[in-house]
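Student: Okay, predicted coordinates and the sequence, questions at the end:
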Amino acid sequence: MVSTTKTILTPLSTTASRSFKPPAPTCRFFFLHNSHFSSNSSIKLSHSRCTTHRCLSINSAIKTEELSRETSLSTASSSEESKPTILVSEKLGSAGIDLLRKFGNVDCSYDISSEDLQKKIASCDALIVRSGTKVTREVLEAGKGRLKVVGRAGVGIDNVDLQAATEFGCLVVNAPTANTIAAAEHGIALLAAMARNVSQADASMKAGKWQRNKYVGVSMVGKTLGVLGFGKVGSEVARRAKGLGMCVIAHDPYAPVDRARAIGVELVSFDQAISSADFISTHVPLTPNTKNMFNDDTFEKMKKGVRIINVARGGVIDEDALLRALDSGKVAQAAIDVFAEEPPSKDCKLVKNEKVIVTPHLGASTKEAQEGVAIEIAEAVIDALKGELSATAVNAPMVPPEVLSELAPYVLLAEKLGSIAVQLVSGGDGIRSVKVAYKSAKGPDDMDTRLLRAMITKGIIEPISTSYINLVNADFVAKQKGLRINEARVVVDTYPQLPIHSIQLKISHVDSKFAGAVSDNGEISIEGRVRYGVPHLTRVGSFSVDVSLEGSLILCRQVDQPGMIGQVGKILGDQNVNVSFMSVGRTGKREQAIMAIGVDEAPNKEALKKIGEVSAIEESVFLKL
Ligand SMILES: NC(=O)C1=CN([C@@H]2O[C@H](COP(=O)(O)OP(=O)(O)OC[C@H]3O[C@@H](n4cnc5c(N)ncnc54)[C@H](O)[C@@H]3O)[C@@H](O)[C@H]2O)C=CC1
Ligand SMILES: O=C(O)C(=O)COP(=O)(O)O
């Protein structure tokens with residue numbers, strides 16, 4: 001449940017906050033979204049010791065170094081070994097294979113058995129399939145932990161268990177555009193071939209016969225074509241059928257009226273479409289809703305002598321019902337490219353029926369479409385392996401590149417805040433609900449927070465479980481673990497150009513191992529913001545602090561007095577622990593204060609004990625970021 005609050009607040013006060021900052025040279029900040037942040041992009045970071053390149057990935061929110069294009073020659077061979085492995089299980093156009101080979105190790109095991117696929121998949125990062133490979137729960141389970149993306153080189157994803165893929169955090173992408181025309185042309189080819197008995201006449205001649213009277217056909221001009229599913233293929237079929245002089249009507253509850261009008265097609269109800277058409281061509285995806293949408297009842301409503309074309313999916317037509325309708329004469333002819341079971345059995349009655357012409361799922365099979373599909377899917381899979389959000393993602397939110405580039409540093413902040421919040425809870429597993437407030441000058445409708453919510457979830461869950469969280473499965477895993485993320489967008493009077501001013505996390509009904517993080521109303525409360533591209537912690541409980549969220553963090557609560565920074569700094573220095581950032585927030589002079597110390601290395605237990613023993617320090621906690 002996402003709740004929206006429109007509260008006008010003034011910017012958070014920075015009262016009584018003292019910061020110590022080292023000098024600020026430049027550090028490169030790499031995002032996997034390379035169209036926006038390439039190796040040439042650099043953002044100044046206010047942190048002197050940040051030497052690693054940072055990447056934003058949906059598979060692992062932060063990966064360091066691996067995509068740096070400045071990899072030295074000495075590391076070249078190891079990067080060769082660490083290339084991703086991409087299994088291609090069905091014939092894919094060479095242009096796509098070439099692209100994949102430039103990026104990873106490509107294993108073309110065409111027409112692999114499902115047993116072998118289950119064995120192989122455990123060592124693969126990506127799998128590319130067409131319609132012939134069943135990507136079942138078992139396959140995805142076998143690939144769990146390593147398999148990051150399944151690429152469907154085509155449109156229909158009914159052969160991929162999307163639910164299982166989502167549960168295992170495996171992204172599914174498809175190639176939805178490159179074979180549209182091929183499928184539409186095949187639909188028209190089947191329509192014309194059926195109307196003029198081309199297949200049967202051809203077979204008869206090859207058998208040495210000359211049967212001109214037997215194969216008299218029907219004309220297409222002036223006939224009504226009912227298109228079911230007015231999407232990419234359906235509308236291209238309609239356009240071509242108009243060119244043949246047909247009257248075209250279509251049924252698609254989700255199709256825009258103006259697109260239909262532009263082609264001269266009338267959108268009608270399902271019953272109207274099937275009852276008034278001479279030819280019916282189906283172009284819907286196979287879903288629980290469309291499964292067997294052509295059945296005894298719907299055939300009954302059709303015109304006697306109707307002709308059926310199916311270049312969509314076998315399961316859309318109940319094949320036994322179609323046979324009955326052909327036998328009764330309700331359906332005069334059918335042209336079928338796709339079957340409930342592929343390949344159909346050797347004695348499949350539909351294939352053998354004289355009134356039916358068949359092709360072996362050839363809709364997408366033109367040279368041009370196959371090259372296009374191969375490139376489209378190779379690019380989508382490579383992007384996904386790089387951690388970019390794909391425009392053709394089927395089981396993850398599609399985040400437009402411009403939104404992604406704007407939100408990237410906040411995504412890192414969101415994950416770090418989630419991780420800090422959970423580490424402040426004592427016991428660790430009692431979190432049921434987290435309140436998140438996104439403070440921004442932008443209105444609630446101008447902000448897409450799915451990415452941030454996913455990363456907060458990742459930050460919260462990963463430190464306390466073995467679950468692997470990414471954008472694909474974050475909501476699913478949160479739901480499974482009974483974790484509710486209640487989001488509120490709070491309008492604050494701040495810089496309008498900033499996508500988000502700050503993110504605040506609150507956890508109630510839990511105990512904290514650091515009392516200083518508990519606000520007056522008993523909730524663990526932390527807040528952070530992005531400064532110069534770097535996430536900062538800006539509030540702990542009721543204390544304002546300002547510490548860059550890099551490396552790890554030590555929080556100490558003490559009575560404000562001189563010499564504290566020096567004492568703690570010395571303990572850390574003696575252990576060779578490098579302090580990167582230090583900030584003190586206090587309620588007032590010589591009153592309660594919180595010291596937030598960023599450290600590059602994790603101090604050992606002895607150092608942490610010594611810090612805890614400093615007489616003025618009332619409590620301290622070490623947080624791994
Ligand atoms: N035989 C082959 O080789 C090929 C088959 N296909 C298949 O063709 C079909 C269409 O593909 P595209 O046009 O690219 O997909 P699309 O997603 O662009 O179009 C599908 C349309 O069906 C509509 N639809 C969904 N449920 C419906 C329902 N119950 N009643 C009416 N309309 C409904 C949707 O609103 C959408 O407009 C898919 O099943 C796809 O797998 C696509 C390419 C090649
Ligand atoms: O794209 C689709 O939906 C298709 O049905 C094409 O299937 P194919 O890739 O030729 O096995």
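Tutor: Here it is on my side, so go on. Ligands and ions are numbered 1, 2, ... in the order given.

Student: longest helix anywhere in this structure?
Tutor: Selection of the longest helix in the chain by residue count, based on DSSP state H, yields helix 401-424.

Student: ok, and for that one, which residues are buried?
Tutor: Residues of helix 401-424 classed as buried: 403-424 (neighbour count, 16 or more other CB atoms under 10 Å). All C-beta spots, glycine's among them, are computed from the backbone N, C-alpha and C.

Student: what does stretch 135-149 give?
Tutor: Of the residues in stretch 135-149, 135-136, 138-144, 147-149 count as buried by neighbour count, 16+ other CB under 10 Å.

Student: Likewise for stretch 472-490?
Tutor: Neighbour-count burial for stretch 472-490, counted by 16+ other CB under 10 Å, picks out 472-478, 481, 483, 485, 487-490.

Student: can you give me the end-to-end distance of it?
Tutor: 26 Å (CA to CA, to the nearest Å).

Student: For R212, see how far away A203 is.
Tutor: A203 sits 15 Å away from R212 when distances are taken as CB to CB, to the nearest Å.

Student: oh sorry, the question was meant for C348
Tutor: Taking CB to CB as the measure, C348 and R212 are separated by 30 Å.

Student: Among these two, which residue is more densely surrounded?
Tutor: For C348 versus R212, neighbours defined as other CB atoms under 10 Å are more numerous around C348 (17 against 7).

Student: re the thing from before, mind giving me the packing neighbours of the longest helix of the chain?
Tutor: Other elements packing on helix 401-424 under the criterion 3 or more CB pairs under 8 Å, 6 or more residues apart in numbering; DSSP states H and E are strand 54-56, helix 450-461, strand 502-507, strand 524-531, strand 534-540, strand 617-624.

Student: tilt between that helix and strand 534-540?
Tutor: Helix 401-424 and strand 534-540 meet at an angle of 40 degrees, taking axes from the mean of the first three to the mean of the last three CA atoms, to 10 degrees as the criterion.

Student: that older thread, pLDDT-wise, what's the bottom of the buried residues of stretch 472-490?
Tutor: Across these, the bottom pLDDT score, 80, is held by K481.

Student: That one contacts I464, correct?
Tutor: No. Under the contact definition of CB atoms under 8 Å, K481 does not touch I464, with a separation of 9.3 Å.

Student: Contacts only, for R239.
Tutor: The neighbourhood of R239, defined by CB atoms under 8 Å, 6 or more residues apart in numbering, consists of 184, 263.

Student: same thing but at 6 Å, please
Tutor: By CB atoms under 6 Å, 6 or more residues apart in numbering, the contact list for R239 reads I263.

Student: Doesn't it lie inside a helix?
Tutor: Yes. Secondary structure of R239 (DSSP: H, G, I helix; E, B strand; the rest coil): part of a helix.

Student: For ligand 2, see how far away it is.
Tutor: R239 sits 19 Å away from ligand 2 when distances are taken as CB to the nearest ligand atom, to the nearest Å.

Student: Against G229, how distant is that residue?
Tutor: Separation of R239 from G229 (CB to CB): 14 Å.

Student: which residue does the stretch 301-450 of the chain bring closest to ligand 1?
Tutor: Sorted by distance to ligand 1 under CB to the nearest ligand atom, the residues of the stretch 301-450 of the chain start with G363, at 2.4 Å.

Student: how about V284, what does it touch?
Tutor: Contacts for V284 (CB under 6 Å, 6+ apart) come out as 228-229, 290, 312.

Student: Highest neighbour count among those residues?
Tutor: The most neighbours, when those are compared by other CB under 10 Å, belong to A312, which has 27 neighbours.

Student: I figured that one hits H283, correct?
Tutor: Yes. Using CB atoms under 6 Å as the test, A312 is close enough to H283 to be in contact (5.2 Å).
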